[in-house]
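Chemist: How does the following fold in three dimensions:
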Amino acid sequence: MQNVLDTLASRGLVAQSTNLDALKKILSKEKIKFYIGFDGTADSLHVGHFIPIVLMKHMQNAGHTPIALLGTGTTLIGDPTGKSDMRKMLDMEEINKNAELFRRQISKYIDFSGGRAIVERNGDWLCEIKYIDMLREVGLHFSVNRMLAAECFKNRMERGLSFMEFNYMIMQSYDFLQLYRRHSCLLQMGGDDQWSNIIGGVELVRRKEGREVFGLTVPLLTTKEGRKMGKTEKGALWLDPDKTSPYDFFQYWRNIGDQDVINTMKFITFLPPEEIDEFAKLEDSDINKAKERLAFEVTKLIHGEDEAKKALSAAQSVFVAGGADANMPSASLSEEDFTEGKIEILKLLLASGLAPSRSEGRRLVTQGGIVVGGEKISDPAQEFEKALFEGEGVIVKKGKKVFLRVNFS
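Modeler: Numbers count the residues shown, from 1 in each chain. Got it, this is the predicted structure:
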């Protein structure tokens, strides 16, 4: 039977690990508890959180027990990793609210029934710590010189790193110690940008408890050029359908670069390797079949099969048939948007949300990026009759990938 680490490695989901051979041996003989942390910095998980959830799912499928650690304590401080400025400080009420939303979202993918997974909140212990006790029990085991050399702090040293944020590594390390003591947790997993923090926890458990525990990171989801995936014109690619619609979510994956589709398919779907290998043989325009399958599978995982089918139908209607579909995104114009029964193109783009400002709308039009009802628009002063938007409305296209059905309500 294949070891779960072999499964993860075959899908490119292992970046770094402490004592990989020993970890592999333990995972083949025992069913362990492991944890992944989620700081409640927003009211929804985004696609960057989904890779750790995929890790949790693979591990749970192999019989191991995930601990979802909600950062109700660490979020009060803020992780400086990968950030050029200090995070916005949130109050406890907002953090607890976000953590509960995270718990509900994670529960869609991870089975918490019958003790198959555990939820913990690190505010339960971090917010109760006395400062002097923390310094004596934990602080003496950390070298400031080593901490300053850690990758998670390097990007912040020139612009300034607050003493508050400097403590984040110690707090995350203390989480591992607490979870070891409470649940005999043997493994922390996370994104590769968390490596320094994870190492801190592994070392702290060894020093305090005399037990070897392990850390494993997964590569960040990036393009071939090294850019992080999951950023859109509207910001992060959220898992909450009210923040990123299932159609927009589907379209993001449908439109990723040809060179990224196979690796992404390995990372964030559960398609069998042999099926992915068949998609890898596709060339030229046929690669779109792989993109469509990727988009469908990920949307199904996040939003369910019905929403995935709706998004697929809408996408095929636009890209294959060139027509409208009941499931494609839409916007409605009101009577106030028209002047003497007409609306100019810049106002149309603003009212429909296709442009954030008139100046951006003008740029799109003059550069040939706007098509209304199949007609490319080049005049920023062009107007349209109200009748055009009545009934099913008209499809407005921005660039090559954004389609919107605009009607008059």
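
Chemist: For Phe38, give me its contacts.
Modeler: Shown in contact with Phe38 (C-beta atoms under 8 Å, 6 or more residues apart in numbering): Leu45, His49, Pro52, Ala68, Leu69, Leu70, Gly71, Ala99, Phe102, Ile106. For glycine as for every other residue, the C-beta is placed from the backbone atoms N, C-alpha and C.

Chemist: So the chain: which segments form each domain?
Modeler: 4-218, 231-321, 330-408 (automatic domain parsing).

Chemist: okay, and for this structure, where does confidence drop off?
Modeler: 1-2, 78-88, 145, 147-164, 231-234, 318-328, 401 (pLDDT under 70).

Chemist: Nearest residue to the middle of it?
Modeler: Val47 (1.6 Å; C-alpha atoms, centre = their mean).

Chemist: In space, what's closest to it - neighbours in sequence excluded?
Modeler: Gly230 (3.9 Å; C-beta to C-beta, 6 or more residues apart in numbering).

Chemist: Could you let me know which of the contacts of Phe38 ends up closest to Pro329?
Modeler: Nearest to Pro329 out of the contacts of Phe38 is Leu45 (C-beta to C-beta; 21.9 Å).

Chemist: What separation do you get for that closest one and Trp125?
Modeler: Distance, Leu45 to Trp125, by C-beta to C-beta, to the nearest Å: 23 Å.

Chemist: ditto for Val54
Modeler: 28 Å.

Chemist: Who has more neighbours out of these two?
Modeler: Val54 (21 against 18; other C-beta atoms under 10 Å).

Chemist: For whichever strand or helix holds the more buried one, buried residues please.
Modeler: For Val54, the host element (DSSP states H and E) is helix 47-61. Buried residues in helix 47-61, defined by neighbour count with 16 or more other C-beta atoms under 10 Å: 47-60.

Chemist: ok, the residues you listed vs Ile36, which is closest?
Modeler: Closest approach between those and Ile36, by C-beta to C-beta: Pro52, at 4.6 Å.

Chemist: so what's that closest one up against?
Modeler: Applying C-beta under 8 Å, 6+ apart, one finds that Pro52 lies in contact with Ile36, Phe38, Met189, Gly190, Gly191, Val218.

Chemist: Repeat the analysis, applying 10 Å as the threshold.
Modeler: Applying C-beta atoms under 10 Å, 6 or more residues apart in numbering, we find Pro52 in contact with 36-38, 45, 66, 68, 106, 189-191, 194, 217-218.
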